[in-house]
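Student: Turn this into a structure:
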Amino acid sequence: MNLTDRQDTDFLKFIGKLPPQENYIPVQSFNQGAWYWVDKNTPCLQIVSPVPDPWGQEWVIAPVVDRGIKDLVEEPPLSVSLKLFPLPPLDKATSVEITRQIEYGKFVHTQEKLYYFVTFSCQNDDSLAERENPLSEWVTYFFYPKAKQ
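Tutor: Model (predicted):
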């Protein structure tokens, strides 16, 4: 079992700020008290917030892998939601710096010290550019250990 796929948000959580707002598109919320955004380069990463303007402040961030309706570990992952929670006084979460980058290549890898990273193929409307460029375009989220201050 891949433990990051658990729906238990107490398992894997970080304290940090979201990447800049210009990287996201708001989507309609069907749940009262929840606001949603998707990454502008892929619908496979969404942010779920309890407030309409979560930018520029620290949150407890729980990455949750969506494996579809059955939610079985054997099912392929469909998307990742970054669920935001207010900071409790003494939360057991690791402070991180979240970096969003566009990468080019046949695959994405890193040898950096990270707590977590997730990568999605960019979904652009420019299919001609994709045929001319042999390298794929990826949107990648890196969760770096936050420097002690």
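Student: Verify the contact between residue 66 and residue 83 for me.
Tutor: No: the criterion here is Cβ atoms under 8 Å, and residue 66 misses it with residue 83 at 11.0 Å. C-beta: built from backbone N, CA, C; applies to glycine.
Student: Quickly run through the sheet partners of the strand ranked longest in the chain, with directions.
Tutor: What stands out as the longest strand in the chain, according to DSSP state E, is strand 94-105. Sheet pairing for strand 94-105, assigned by DSSP bridges, gives strand 14-16 (parallel), strand 136-145 (antiparallel).
Student: Which one's more surrounded, residue 66 and residue 83?
Tutor: residue 83 (19 against 16; other Cβ atoms under 10 Å).
Student: picking that back up, hmm, who's touching the longest strand of the chain?
Tutor: With contacts defined as Cβ atoms under 8 Å, 6 or more residues apart in numbering, strand 94-105 is touched by 13-19, 23, 39, 41, 61, 115-116, 119, 122, 135-147.
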